[in-house]
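Enquirer: structure of the sequence below:
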Amino acid sequence: MNKDLIKYLSVDCVVFGFDFDKLNVLLVDRVLENMEQGLIFSDMTLTGNHVYEDETMDAAAQRILFDLTGLKDVYLEQFKTFAHPDRLNKENDRQWLISDKRNPEQRIVSVGFFALLATPKVTLEWKGRNVMWVPVAEVAELAFDHNLILQEALKAMRSKLLHEPIAFELLPEKFTLSQLQKVYEIILDTTFDKRNFRKKVARMKYMVPLDEKQKDVSHKPARLYMFSRDIYERTRKELLNFIV
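Expert: Here you go, the predicted structure:
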């Protein structure tokens, strides 16, 4: 692989994590310091970096995510390109670029990717920078234009959730309708009427009811369901629609 970086082209990965309590986003710390002044500033960014000369955008996204977090084989979907000429104009960003021997006046285009993971299944590795899950609702000011990228990724991910069965990737193999409803409510930041939600679910042929119920619960055990990928592929013209 050609290890020369394209200095004007980068990838930013917005990795969402769901833990059945809240929606999180994966952030990386950015610390600038030197021998004379000590700490100059410390803030947070999305997982991102530049692209190699002979690297595809998808390969760059996977490499960058692994280099910062240790995560492998994560499904990442490209959703938008960010190219505003003023996207790197904040003072901290200019200082960061200068310290990295880059021209802060040079325009850098970034291609955004997003992913949605079940955080209990994820193990992050130390890769030289602190990486952490932060609740989306608690994200403060990020470096560069990463707040904008985060908001655009949220829109894209929520749109996909409304019309494709990505929610089932966040559930155990066997799950209840209440668990499924909670996934949609937390990620979409809304509340569904229980009866109307279950009417929508009843039209999903790929939601297979099992002759099983929950075990070891303090309340009345609920019926369990499974998601059938085979049935979904055969009936995918019948789109999901959870628009409130």
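
Enquirer: and Asp4, what does it touch?
Expert: 52-53 (CB atoms under 8 Å, 6 or more residues apart in numbering). In this view, the C-beta of every residue, glycine as well, is placed from N, C-alpha and C.

Enquirer: measure it to Val51 for me?
Expert: Per CB to CB, to the nearest Å, Asp4 is found 10 Å from Val51.

Enquirer: packing partners of the helix or strand where Asp93 lies?
Expert: Assigned by DSSP states H and E, Asp93 belongs to helix 91-99. In terms of contacts (3 or more CB pairs under 8 Å, 6 or more residues apart in numbering; DSSP states H and E), helix 91-99 is packed against strand 23-34, strand 38-45.

Enquirer: ranking the ones you listed by burial, who's on top?
Expert: Highest mean neighbour count of those: strand 23-34, a mean of 18 (counted as mean count of other CB atoms under 10 Å).

Enquirer: and Ala202, how many neighbours does it have?
Expert: 11 (other CB atoms under 10 Å).

Enquirer: I'd like to know how far it sits from Leu177.
Expert: Applying CB to CB to Ala202 and Leu177 gives a distance of 10 Å.

Enquirer: strand partners (parallel or antiparallel) of the longest strand along the chain?
Expert: Counting residues, the longest strand found in the chain (DSSP state E) is strand 5-18. Strand 5-18 has the following sheet partners, assigned by DSSP bridges: strand 23-34 (antiparallel), strand 47-52 (antiparallel), strand 109-118 (parallel).

Enquirer: next, the angle strand 38-45 makes with the first one.
Expert: Looking back up the chat, that one is strand 23-34. 160 degrees (axes from the mean of the first three to the mean of the last three CA atoms, to 10 degrees).

Enquirer: do the same with the last one
Expert: Put simply, strand 109-118 runs at 70 degrees to strand 38-45, going by the same axes, to 10 degrees.

Enquirer: secondary structure class for the residue lying farthest from the centre of the chain?
Expert: For the chain, the largest distance from the centre (CA atoms, centre = their mean) belongs to Glu36, which lies 37.8 Å off. With DSSP: H, G, I helix; E, B strand; the rest coil as the basis, Glu36 sits in coil.

Enquirer: can you give me phi and psi for it?
Expert: Dihedral angles of Glu36 (phi, psi; degrees, to the nearest 10) stand at phi -80, psi -50.

Enquirer: Ala156: which of the strands paired with strand 5-18 is closest?
Expert: Ala156 lies closest to strand 109-118 among the strands paired with strand 5-18, at 6.0 Å (CB to CB).

Enquirer: moving along the chain from that closest one, name the first helix or strand you hit.
Expert: Taking DSSP H and E, what comes next after strand 109-118 is strand 131-135.

Enquirer: neighbouring strands - and their directions - for that following strand?
Expert: Here, using DSSP bridges, strand 131-135 pairs with strand 23-34 (antiparallel).

Enquirer: the partner strand vs helix 91-99, what angle?
Expert: Using the same axes, to 10 degrees: strand 23-34 against helix 91-99 is 60 degrees.

Enquirer: how about the longest strand of the chain as CSV, C-alpha atoms only?
Expert: Output of strand 5-18 as CSV, limited to C-alpha atoms (Å, rounded to 0.1, in the frame of the first residue of the first chain):
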residue,chain,number,x,y,z
LEU,A,5,-1.4,10.4,2.8
ILE,A,6,-3.8,12.6,0.8
LYS,A,7,-3.5,15.8,3.0
TYR,A,8,-6.8,17.3,1.6
LEU,A,9,-9.0,14.2,2.0
SER,A,10,-10.0,12.5,5.2
VAL,A,11,-12.6,10.1,6.6
ASP,A,12,-14.7,10.6,9.8
CYS,A,13,-16.4,7.7,11.4
VAL,A,14,-19.5,8.3,13.6
VAL,A,15,-19.8,5.1,15.6
PHE,A,16,-23.1,4.9,17.5
GLY,A,17,-23.4,2.5,20.5
PHE,A,18,-26.6,1.3,22.0
